[in-house]
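Asks: Take a look and give me a structure for this.
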Amino acid sequence: YDTSLTHSKTTSNLGSNRSALAATTVGDYALFGGGQANSASSTVDTYNKSLTKTANAALSQSRYALAATTIGNYALFGGGCSSSSNVYATVDAYDTSLTRTIPTVLSQSRYALAAITIGNYALFGGGCSSSSNVYATVDAYDTSLTRTIPTVLSQSRYSLAATTVGDYALFGGGRANSTYSIVDAYTLV
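Replies: Predicted structure coming up:
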């Protein structure tokens, strides 16, 4: 969709069929990373602003159910799960020339987490490592990719959503032992 909400199909599909992948932008590129079909993928498909698919990049580990957001000049992909149920704390960062670096890992290995950016911080919240290990942790990365850990979510949960409105980053819904309607708000102080 363009800014007039006109729909068009890109000229090339993703490199493989995948679900549970994550997407974000950096510079002039849209990035679609990870996911799974028959197994977890490490592929990062990139499209430029003309919707031309450019060379593929790769995550440091094949994984699905990861989260992605952008901070400053970096696209971040964090967490995720492998085909053999290994859960990761890895964060892959891609700069505007699509060069990958690996900043400090998340404070806990987890998948089915949510990510959002507010001001100069990328936030990764919630997630789980199994149905019995569900987290309320929020990891924050600044524009130099330094990690801090702000106040935790009010409830441990996974499969939640994140967005921004005004000066707030919101984490909503999710599940643990039951499904939640909770919305946690973070603002810059």
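
Asks: Going by C-alpha atoms from here, please, whenever you check contacts or count neighbours.
Replies: Noted.

Asks: Thr163: neighbour count?
Replies: Using other C-alpha atoms under 10 Å, Thr163 has 15 other residues around it.

Asks: er, Leu170 I mean
Replies: Other residues near Leu170 come to 20 when the count uses other C-alpha under 10 Å.

Asks: and it, what helix or strand is that in?
Replies: Using DSSP states H and E, Leu170 sits within strand 168-172.

Asks: cool, Leu123 as well?
Replies: Short version, using DSSP H and E: Leu123 is in strand 121-125.

Asks: in its sheet, what does that strand sit against?
Replies: Strand 121-125 has the following strand partners under DSSP bridges: strand 114-118 (antiparallel), strand 138-142 (antiparallel).

Asks: could you give the mean pLDDT of the first one?
Replies: Averaging pLDDT along strand 114-118 gives 97.

Asks: Only the C-alpha atoms, please, for the strand holding Leu123, written as PDB.
Replies: Output of strand 121-125 as PDB, limited to C-alpha atoms (Å, rounded to 0.1, in the frame of the first residue of the first chain):
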ATOM      1  CA  TYR A 121      14.500   3.400  22.700                       C
ATOM      2  CA  ALA A 122      13.600   0.100  21.200                       C
ATOM      3  CA  LEU A 123      11.600  -2.000  23.600                       C
ATOM      4  CA  PHE A 124      11.200  -5.800  23.600                       C
ATOM      5  CA  GLY A 125       8.500  -7.000  26.100                       C
END
